[in-house]
Each structure stands twice: as C-alpha cells, then as structure tokens.
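>>> Structural data only, the sequence is not supplied:
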C-alpha cells in the first residue's frame, strides 16, 4: 500500500525537478513583451532587441507579470514570482534623435534602498546575486550596493539598467 502512495509522489517530484532544470523558452518572453507594448521587437514602441539568448531562466509555471518600468516607459519589467526571477527589456519609445543606448545617461535608474540584481562577470563566468542599492545612480555610474544577507560589506558596482548593477573582473 505504501508503494502505491510513494510511486506517484516520486514521479511528481521528478517531473517538478525536470521542469525546474528546463530553461525558460525566451521567445515566450519576447512574445509577451510584444503583446504588452503592442509592437514587435525592433519596431517603434516595441523591445529594442530580443531577450538575450544567453539567459538561463527557470521555466515560469505561472503567468508572467509585465509592467512598465520607469517614468518614461523606457523598459518593461517581466517577473515570474513563482520562479523568483525578474528581468528588464529596453523599449524603443520612439523618442527619435540621439543615439540609442545613450538615452538613459543622466537619468536615475537605480534608487537608494531599491532591490537590485548584482551581476559579477569575469573570464568565462557570470554570477548574479540579489542585493540593495545604498545610493541613487544613473546608467554608467558607480554606486554602493550591499548583497542580500551581507550586513557589513558594501561593494561598488556600475548601474547597467533599471534594477541591475554590474562588476567586471579582470
């Protein structure tokens, strides 16, 4: 009798583990952003670029949560609360003029006390850890951040985009 109960439980656990090990199909995120903005990737009003295919996000078993990020709606925040990840996709807001990529310089993208993703990149590896910003910062500025769980040491990281800072190692 006990085996009859354990077999379905074991199968369920294996299926859950397999689903967690399978990375998210990033084209689903691209489609969700296009539906949300009403414009395709590369079109005015749509995502500037497709989601970076190097990302390995856990498959989202719940509906994606999309919302505008920033007062000028230059990014869409996509989150999967069930899988514990959140990313930002830059949007071509059709502002015209100027060069793409320089549009956010000078504008505060990270605010003191805000939760941020700290990305550390080095020769052949990338590590990501959650943390909080200790000060405001615009794109390209170096700010103090503290990794979650760390109470004493602060790090200096460069603001990459809303909610994300980075450190490049030699």
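Cool, got the structure. Everything quoted here is computed from the prediction, not taken from an experiment.
>>> Mind listing residues that contact stretch 47-65?
Residues outside stretch 47-65 that contact it (Cβ atoms under 8 Å, 6 or more residues apart in numbering) are 19-20, 22-30, 32-34, 37, 41-42, 76-85, 87, 89-92, 100. For every residue, glycine as well, the C-beta is placed using N, CA and C.
>>> Buried residues of stretch 108-123, list them for me.
Residues 108, 109, 110, 116, 117, 118, 119, 120 are the ones in stretch 108-123 that count as buried (16 or more other Cβ atoms under 10 Å).
>>> Can you name the residues that contact the fourth one?
In other words, residue 116. Counting by Cβ under 8 Å, 6+ apart, residue 116 touches 110, 130, 131, 132, 133, 145, 163, 164, 165.
>>> Quick check: it is in a strand.
Yes: the assignment for residue 116 is a strand, going by DSSP: H, G, I helix; E, B strand; the rest coil.
>>> just to revisit the earlier point, switch the buried residues of stretch 108-123 over to JSON lines; also include pLDDT and distance to residue 49.
As requested, the buried residues of stretch 108-123 are exported to JSON lines (pLDDT from 0 to 100; distance: Cβ to Cβ, whole Å):
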{"residue": "108", "pLDDT": "87", "distance to residue 49": "23"}
{"residue": "109", "pLDDT": "87", "distance to residue 49": "18"}
{"residue": "110", "pLDDT": "91", "distance to residue 49": "21"}
{"residue": "116", "pLDDT": "90", "distance to residue 49": "21"}
{"residue": "117", "pLDDT": "87", "distance to residue 49": "18"}
{"residue": "118", "pLDDT": "89", "distance to residue 49": "22"}
{"residue": "119", "pLDDT": "85", "distance to residue 49": "17"}
{"residue": "120", "pLDDT": "85", "distance to residue 49": "23"}
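>>> Is residue 73 within a helix or a strand, and which one?
In this structure, residue 73 sits in neither a helix nor a strand according to DSSP states H and E.
>>> For it, grab the count of nearby residues.
12 (other Cβ atoms under 10 Å).
>>> cool, residue 131 as well?
Using other Cβ under 10 Å, residue 131 is surrounded by 21 other residues.
>>> pLDDT at it, what is it?
Looking at residue 131, its pLDDT reads 89.
>>> now do residue 87
At residue 87, pLDDT is 91.
>>> Need the nearest residue in space to it, chain neighbours excluded.
Take residue 87 and drop its neighbours on the chain: the residue closest to it by Cβ to Cβ, 6 or more residues apart in numbering is residue 78, 5.4 Å away.
>>> With residue 51 instead?
residue 26 (4.5 Å).
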